[in-house]
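>>> Give me coordinates for this.
(chains A and B)
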Amino acid sequence: NAGVTQTPKFRILKIGQSMTLQCAQDMNHNYMYWYRQDPGMGLKLIYYSVGAGITDKGEVPNGYNVSRSTTEDFPLRLELAAPSQTSVYFCASSWTSGSTDTQYFGPGTRLTVL
Amino acid sequence: QKEVEQNSGPLSVPEGAIASLNCTYSDRVSQSFFWYRQYSGKSPELIMSIYSNGDKEDGRFTAQLNKASQYVSLLIRDSQPSDSATYLCAGGNAGGTSYGKLTFGQGTILTVHP
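Purely as a prediction, here's the structure:
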């Protein structure tokens, strides 16, 4: 049981490039989340999903897109990367609503935009 | 007022002492509360959750919730150097368009020195 996995671990992008951060979970969780964490800060929710085919915006969705075609996978797409998107990105999942249930986090992707 | 606000820290305590971490929250965040621990360069992991007023104990950890004062705390007894980490307080959003989401505080860095 791998839990929540994320790829890549590190990435450097140039301004204007695009990329997809991959996230997968093998716990059959319905809920999945994408957070970003800036240095010395807490986690801010980018997007979340309550099941395959259902996604919704979080607190800081601008510049990102998501899709959820399967229960297991929840990729995050960055279009036209900007230096403000330099951050550590965490994917998480939970069995039921994340406001009442434990969220399990992946190891994170450290992204630098130059 | 921020939705979830933690005492800014950093907090330094000697080994064996009690570490007290505090968090206040706004009306939008009132459903349930979580304390996550995050070691440097790692992802958050859940250590305590609390849903109702009062104390909840788990080993050396005690979470306290006071809904009237909108205050939640985490006490770590017999602190160990291995407890040195950032502690994130999070609250489950009460309803409306924010239902199902967690809001995180900015974190408190705890250092336990031998």
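
>>> Give me the neighbour count for the single nearest residue of chain B relative to chain A.
Across chain B, no residue is closer to chain A than residue B:92, which sits at 2.8 Å (C-beta to the nearest C-beta). (C-beta placed from N, C-alpha, C; glycine too.) The tally of other residues near residue B:92 (other C-beta atoms under 10 Å in any protein chain shown) stands at 24.

>>> again with residue A:51
Neighbours of residue A:51 (other C-beta under 10 Å): 12.

>>> Please tell me how far it sits from chain B.
Distance, residue A:51 to chain B, using C-beta to the nearest C-beta, to the nearest Å: 11 Å.

>>> Just to check, that residue is in contact with residue A:29?
No - using C-beta atoms under 8 Å, residue A:51 is not in contact with residue A:29; the gap is 9.8 Å.

>>> Roughly how far does the residue lying closest to the residue of chain B closest to chain A once chain neighbours are set aside sit from residue B:43?
Using C-beta to C-beta, 6 or more residues apart in numbering or on different chains and skipping residues adjacent in sequence, the residue nearest residue B:92 is residue A:99, 2.8 Å away. Using C-beta to C-beta, to the nearest Å, residue A:99 is found at 19 Å from residue B:43.

>>> which phi and psi does the residue nearest the centre of chain A have?
Central residue of chain A (C-alpha atoms, centre = their mean): residue A:34, 2.8 Å from the mean position. Per-residue torsions, residue A:34: phi -120, psi 130 (degrees, to the nearest 10).

>>> Can you pull up the residues of chain B that come close to chain A?
B:4, B:31-32, B:34, B:42-46, B:49, B:51, B:88, B:90, B:92-93, B:99-107 (C-beta under 8 Å from any C-beta of the partner chain).

>>> What subset of the residues you listed is buried?
Neighbour counting over the residues of chain B next to chain A (16 or more other C-beta atoms under 10 Å in any protein chain shown) leaves B:4, B:31-32, B:34, B:43-44, B:46, B:49, B:88, B:90, B:92-93, B:100-107 as the buried ones.

>>> ok, now which ones touch residue B:53?
With contact set as C-beta atoms under 8 Å, 6 or more residues apart in numbering or on different chains, residue B:53 has these partners: B:65-68.

>>> pLDDT at it, what is it?
pLDDT recorded at residue B:53 is 91.
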